[in-house]
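1. model this:
(2 chains)
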Amino acid sequence: MAVDQATVRHIAHLARIAVSDGEIAGLQHELNAILSFVEELNEVDVSGIEPMTSVTPMRMKLRPDVVTDGGMTDAILANAPATEDHFFLVPKVVE
Amino acid sequence: MNIESSPRKLVKGATGDWEIVVGLEVHAQVISNAKLFSGASTAFGGEPNSHVSLVDAAMPGMLPVVNEECVRQAIRTGLGLKASINLSSVFDRKNYFYPDLPQGYQISQYKNPIVGEGEVSVDVTATETIAVGIERLHLEQDAGKSLHDRNPATSFVDLNRSGVALMEIVTRPDIRSAEEAKAFVAKLRTILRYLGTCDGDMEKGSLRADVNVSVRRPGEPLGTRCEIKNVNSIRFIGQAIDAEARRQILILEDGGKIEQETRLFDPARGETRSMRTKEEAHDYRYFPDPDLLPLQFDEAYVAALAAALPELPDAKKARFIAQYGLSPYDADVLVGERAAADFFEDVVGGNGQPRDGKAAANWVINEFFGRLNREGGDIATAPISAAQIGGIIDLITEGEISGKMGKDLFDIVWTEGGDPRAIAKERGLTQMTDAAAIESVVDAVVAANPEKAAQAKAKPAMLGWFVGQVMKQTSGRANPQAVNAAIRAKLGT
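-> This next block holds a predicted model:
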């Protein structure tokens, strides 16, 4: 598997990362290097083996249905570039 | 997918019949105190961004921990939908960009949902019942809320909803008309409310549906579908389906092609319109969430939940028909809300000795619900109790009062309260059943109106006039059947 330059632009757009035209070729090379490295794993025959989800056999912990968090509006909004009436303000997202 | 065609609901086009095919994706907000993966409150209507934890705001390094109650509620819902429960399921990341989705992905379930296939039986009319297949139910996070109308240049984002647990319930394309879709959603809502897993409040957005609509010639393969997003009332679901089917039929009959796309229903204009989404909008790049292990539980856990489920509407309806002799229609009305069914059962059997089921159903449906509807109110806060209605029914059954007096008594108890038997006694609301007493009134009326009596002998329709006179003389207290019998005996017809 290899990615072309259009795929690189597409992935950058989906991640909302601005990539200039000059960076595309370099990124394409890096991504393909990563993919070919990971593709070496294809040489291992894993037929009939359950996918491993954890290095130790453990069950997922669940939490009780109790309200233990929240009520920290100022902390939540502390890093926001713009706020009003305790809302985050963002550039208009509908036409 | 080739889905069986049925001639039951065809729509006439200019060039022949069309069949509408509908599948639904219903989002139902889980009833829980805390969110799906954080300890923040799910309460509706808090100050903006007050029910938000660092997990919900997707601060770096925060880890999700699943809420066991949400898992329990999803399993219980699956059981209520007669669906298979998957003892192992997986949470996946559904990646997309939107300002009210701070993580940049929604934690959802993709390939391995917690609940598999099930079925819901839906009464569309009094005589028509359909089965709607459930394809799956999965757990996922709700997003935050964006307000676009407060400022022309900016959107306002509130993350209070961010991370609240939703159940997405997906049907098979088994629905063939707007009526069927509306009946299905109403039934699903009833089941969820019985289970107590979703409050079903569509105005608050606790229940909303994405509606997939396509049309085809009967017997042909499925047509291209359009998805109408986020329809938030049962009535609008019906209108959206009809509007979208009309639009598609017009295009196809004009020789055009349906583009698969996402649309919005505009209730004010009664039409759907394209959402003009970006072409890569559906590139979700699902993958298993590395922060979460598979969700696993055992058979015994599911069995215990199944054993503790309440009686659901279908079973309750069947029991009401069998146990109380109700008509399917009355049973249906009563089981629509659990509180209504409970109230009816309190009326019918509240004092230990069962009352007549049909009489109880009539009183609850016609008088009680009728009054509640007129005055606006709910069962819990109604000014009359099941015991009081039962008391009125007892007085009628015993012949103490007539049905008409019962209604007057109902009105008195509704507005003033009190024990029906005591009120009936105090206010002289007692029926005159003594045959001799009634006869003497009849005699007096006949004696005072000799010409009319003569006419009535020739013309039995005149008897009604005498009944009216006797009722008037007795201030409506005489038993009408006894009066009728006495007049017939007297005037010999």
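2. how about the residues of chain A that lie near chain B?
-> Contacts of chain A with chain B, taken as CB under 8 Å from any CB of the partner chain, map to A:10, A:13-14, A:16, A:53-54, A:58-73, A:75-77, A:82, A:84-94. Backbone N, C-alpha and C define where each C-beta goes, glycine included.
3. neighbours around residue 40, how many?
-> In the absence of a named chain, chain A is used. Applying other CB atoms under 10 Å in any protein chain shown, we find 8 residues neighbouring A:Glu40.
4. switch to chain B, that's the one I care about
-> Neighbours of B:Ala40 under the rule other CB under 10 Å: 29.
5. chain A versus that one, what's the distance?
-> Using CB to the nearest CB, to the nearest Å, we find B:Ala40 at a distance of 4 Å from chain A.
6. now do the contacts for that residue.
-> Counting by CB atoms under 8 Å, 6 or more residues apart in numbering or on different chains, B:Ala40 touches A:Val67, A:Asp69, A:Gly70, B:Ala34, B:His51, B:Val52, B:Ser53, B:Val55, B:Asp56, B:Gly163.
7. what's the nearest residue to it if we skip its chain neighbours?
-> Once flanking residues are discounted, B:Ala40 sits nearest to A:Gly70: 3.7 Å by CB to CB, 6 or more residues apart in numbering or on different chains.
8. repeat that for B:Thr154.
-> Closest residue to B:Thr154 apart from its sequence neighbours, by CB to CB, 6+ apart: A:Leu89 at 4.6 Å.
9. same question for B:Ser53.
-> Distances taken as CB to CB, 6+ apart place A:Asp69 nearest to B:Ser53, at 3.8 Å, with adjacent residues excluded.
10. so that neighbour touches B:Ser50, yeah?
-> No - distance between A:Asp69 and B:Ser50: 11.3 Å, which falls outside the contact criterion (CB atoms under 8 Å).
11. can you give me the distance of the residue nearest the centre of chain A to B:Lys94?
-> With distances taken as CA atoms, centre = their mean, A:Ala15 lies nearest the centre of chain A, 7.7 Å away. Using CB to CB, to the nearest Å, one obtains 15 Å as the distance from A:Ala15 to B:Lys94.
12. who's in contact with the residue nearest to B:Ser53?
-> Taking CB under 8 Å, 6+ apart as the contact definition, A:Asp69 lies against B:Ala34, B:Ser38, B:Gly39, B:Ala40, B:Ser53, B:Leu54, B:Val55.
13. what is the burial count for residue 64?
-> Picking chain A for this. Burial of A:Pro64 is recorded as 11 neighbouring residues (other CB under 10 Å).
14. oops, I was thinking of chain B
-> Taking other CB under 10 Å as the neighbour definition, B:Pro64 ends up with a count of 20.
15. host element of the closest residue to it other than its chain neighbours?
-> Setting aside the residues directly before and after it, B:Pro64 is nearest to B:Phe37 in space (CB to CB, 6+ apart), at 3.3 Å. Remark: B:Phe37 resides in no helix or strand, with elements defined by DSSP states H and E.
16. so who does B:Phe37 touch?
-> Under the criterion of CB under 8 Å, 6+ apart, the neighbours of B:Phe37 are B:Val55, B:Pro64, B:Val65, B:Val66, B:Asn67, B:Ile107, B:Gln141, B:Gly163.
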